[in-house]
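Engineer: Would you be able to build a 3D model of this:
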Amino acid sequence: SGSIPYSLLTGTPAVAPDTFAIVTKTTTYAITTSDKVILNNHSAAISDTLPTAVGVRGKTFIIKDISGNALNNNISVLPRNSQTIDGASNYLINLNYGSVQVISDNSNWYILK
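Structural biologist: Just a heads-up that it's a prediction; the model follows:
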């Protein structure tokens, strides 16, 4: 009658829970499709290059400044080839502790807010 059986709450799930990779980087990085969250702990300007948006429709990435240095040492988020991020050739994280979340539509990347 609308309640979840206790056995479903305590047993092994039939489907494994979502897992994702959190990577911490100090220098320029080429993001892989197995990544999910990219934490930038940097002391100089860096770039994070997204994988191609083609073939990964619905894939999201979160890119974050954890150093508190993005105001003076920007993080450039770059798409591949002639792909774009919200129609632009790149996205700049230029606020300390700033972040961006992007999603693929199978052609380009779009910012989620």
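
Engineer: Determine the three-state secondary structure at residue 64.
Structural biologist: With DSSP: H, G, I helix; E, B strand; the rest coil as the basis, residue 64 sits in strand.

Engineer: oh, and call the first residue 319 from now on, that's how I've got it
Structural biologist: Will do, 319 is the new start, and the previous item becomes residue 382.

Engineer: quick one: low-confidence ranges for this structure?
Structural biologist: For the chain, the stretches with pLDDT under 70 are 319-338.

Engineer: Need the residue closest to the centroid of the chain.
Structural biologist: For the chain, the residue nearest the mean C-alpha position is residue 379 (1.8 Å; CA atoms, centre = their mean).

Engineer: Distance check, that one against residue 388.
Structural biologist: Remark: distance between residue 379 and residue 388 (CB to CB, to the nearest Å) = 16 Å. C-beta here means a position set from N, CA and C on the backbone, and glycine is covered the same way.

Engineer: now swap in residue 339 and tell me
Structural biologist: 22 Å.

Engineer: What of residue 399?
Structural biologist: According to CB to CB, residue 399 and residue 388 sit 25 Å apart.

Engineer: what about those two, which has more around it?
Structural biologist: It is residue 388, of residue 399 and residue 388, that has more neighbours when counted by other CB atoms under 10 Å, with 23 against 8.

Engineer: quick one, helices of the protein?
Structural biologist: Along the chain, the stretches classed as helices by DSSP state H are 324-328.

Engineer: if we can go back for a sec, the residue nearest to the centre of the chain - nearest residue in space that isn't next to it in sequence?
Structural biologist: Spatial nearest neighbour of residue 379, excluding adjacent residues (CB to CB, 6 or more residues apart in numbering): residue 420 at 5.5 Å.

Engineer: partner residues bridging that neighbour?
Structural biologist: Listed by DSSP bridges, the beta-bridge partners for residue 420 are residue 379, residue 429.

Engineer: Tell me if I'm right that it and residue 430 touch.
Structural biologist: Yes. With contacts counted by CB atoms under 8 Å, residue 420 reaches residue 430, the gap being 6.9 Å.
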